[in-house]
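S.K.: need a structure here:
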Amino acid sequence: MHSVETFRELQDEATEWRRYLHQHPELGYQVHDTARFVTEKLASFGINHIETGIAETGVVAVIQGEGGDGATIGLRADMDALPILEASNKPWSSQILGKMHACGHDGHTAMLLGAAKYLAGTRKFKGSVALIFQPAEEDGCGGQRMVQEGIMDRFGISQVFGMHNRPGMEVGKFAICDGPVAAALDEFDIIVKGRGGHAAHPYRTIDPIVVAAQIIVGLQTLVSRNTDPTESLVISVTKLHAGTAYNIIPDYAEMAGTVRTFLPSLRDFAERQIEACAQGIARGFGAEIEFRHRRLEPAMFNHTKGTNLAIKAARGLVGPVSVAEKIKPSMGSEDFAYMLEARPGAYIHIGNGPTASVHNPSYDFNDEALPYGIGYWVNLVETALAA
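M.R.: Residues are numbered from 1 along each chain as shown. Just a heads-up that it's a prediction; the model follows:
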């Protein structure tokens, strides 16, 4: 096991990589320049097995240890940015208007590159490590596509691990839990079809805005009165669009929202009952609805063996006091869930310090966290694949 001091010599170089990536953000699957940058760096480290074009722009590189035959573990970093206008005012702010690394994927990529450089230079482990650089985590389920395109079997990956920065948690600290880590993500759209007319004569109309308002309130009873309070269900209406003028009641109103759950049974319940609730309320007013529901990312679960391995690696780097082992699951979602469905492993949080929250225009990844992330990856590999 290495302490963080072993990796501080990589911080300046990793900071340069990270800030370059921050200045050149790309979205979704269109991370062509980012993937090219990653591939060039990996090759410069002496890594010969590099495959590109997975899930369009994903990259997987394999480092063979010098300790003999053994298993292959996967380490994943996401590469994509967000469609946000940056307001961090940092010298290395985004040079692409309306795009920024507001979730720290630039830091995640730089940390895995730093670990790649160290591991390629030492190779003190059995078996192999597969470095997974993934596109489209934010919007597009790039993790799912990489799994569907067979990376687990193709590279013989037996366990897979992920890491994400956490603003508000001190740099040099880690947090993890066994079992559920992040919620399943679903989205829904409801179109309320009424009958429009003059706003001065609402009795001659079927007002879809009033119906939509009642549906919004009614949906909350699915959480407060129809769900066991010890189970987790979030239903949030996040869009409401209707009307074009002050004196016109429109024909229809459109609303949309998100659903977060951990249990498959509760996920089924929410999909079924959101439609039933909206339909029932609409009919009571003489209106109709059109309902669409999309299941996106599944709930993400850490596996016990992988969690224990992650804790051991983090403890070896920063000591047991700096590793929180039983954090509460998040109702946020993460498409690394697809990889943890395909293979056992774990997902850990790394402290980003007192920065703005992710997905905020003022956010920036904290470069002081880089040696901690690099060191965690190296300790994890050398522990899991001990020579």
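
S.K.: Nearest spatial neighbour of residue 365, chain-adjacent residues omitted?
M.R.: Distances taken as Cβ to Cβ, 6 or more residues apart in numbering place residue 107 nearest to residue 365, at 3.4 Å, with adjacent residues excluded. Every residue, glycine included, has its C-beta placed from N, CA and C.

S.K.: Surely residue 186 is in contact with residue 295?
M.R.: Yes. The criterion here is Cβ atoms under 8 Å, and residue 186 meets it with residue 295 at 5.2 Å.

S.K.: These two: who's more crowded?
M.R.: Between residue 186 and residue 295, counted using other Cβ atoms under 10 Å, residue 186 has the larger neighbour count: 21 against 12.

S.K.: Angles on the backbone of the more buried one, please.
M.R.: Main-chain torsions, residue 186, degrees, to the nearest 10: phi -130, psi 160.

S.K.: Chain neighbours aside, what residue packs nearest to it?
M.R.: In space, residue 186 is closest to residue 259, 4.1 Å off (Cβ to Cβ, 6+ apart).

S.K.: ok, the residue nearest to residue 365 - contacts?
M.R.: With contact set as Cβ atoms under 8 Å, 6 or more residues apart in numbering, residue 107 has these partners: 18, 101, 165, 352, 365, 366, 367, 369, 370, 373.

S.K.: Quick check: it is in a helix.
M.R.: Yes. Secondary structure of residue 107 (DSSP: H, G, I helix; E, B strand; the rest coil): part of a helix.

S.K.: So for it, what's the pLDDT?
M.R.: The predicted structure scores residue 107 at 98 on the pLDDT scale.

S.K.: now it: how far from residue 115?
M.R.: 13 Å (Cβ to Cβ, to the nearest Å).

S.K.: Now the common contact residues for these two.
M.R.: residue 373.

S.K.: which stretches of the stretch 151-300 of the chain form helices?
M.R.: Secondary structure of the stretch 151-300 of the chain (DSSP state H, counting those that start in this stretch): helices at 151-154, 208-224, 264-285.

S.K.: got the ones you listed as JSON lines, with mean pLDDT, mean neighbour count and distance to residue 320 columns?
M.R.: Output for those, formatted as JSON lines (pLDDT from 0 to 100; neighbours: other Cβ atoms under 10 Å; distance: least, Cβ to Cβ, whole Å):
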{"stretch": "helix 151-154", "mean pLDDT": "98", "mean neighbour count": "17", "distance to residue 320": "32"}
{"stretch": "helix 208-224", "mean pLDDT": "97", "mean neighbour count": "18", "distance to residue 320": "38"}
{"stretch": "helix 264-285", "mean pLDDT": "98", "mean neighbour count": "17", "distance to residue 320": "35"}
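
S.K.: Same list, those, but as JSON lines with distance to residue 309 please.
M.R.: What follows is those, written out as JSON lines (distance: least, Cβ to Cβ, whole Å):
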{"stretch": "helix 151-154", "distance to residue 309": "18"}
{"stretch": "helix 208-224", "distance to residue 309": "36"}
{"stretch": "helix 264-285", "distance to residue 309": "27"}
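
S.K.: Any idea which of the ones you listed gets closest to residue 28?
M.R.: helix 151-154 (18.5 Å; Cβ to Cβ).

S.K.: Give me the residues contacting the closest one.
M.R.: Contacts for helix 151-154 (Cβ under 8 Å, 6+ apart): 54, 60, 74, 130, 132, 157, 160, 339, 342, 343.

S.K.: Closest one of these to residue 249?
M.R.: residue 339 (49.0 Å).

S.K.: and for the helix or strand containing that closest one, what are the contacting residues?
M.R.: If you go by DSSP states H and E, residue 339 is part of helix 337-342. For helix 337-342, contacts defined as Cβ under 8 Å, 6+ apart pick out 74, 76, 132, 141, 143-144, 146-147, 152, 160, 162, 182, 184, 297-303, 345-347.

S.K.: Let's verify the closest residue to residue 24 other than its chain neighbours: helix, strand, or coil?
M.R.: Excluding the flanking residues, the one nearest residue 24 by Cβ to Cβ, 6+ apart is residue 33, at 6.0 Å. Three-state assignment for residue 33 (three-state DSSP): helix.

S.K.: separation between residue 33 and residue 6?
M.R.: Taking Cβ to Cβ, one finds residue 33 at 31 Å from residue 6.
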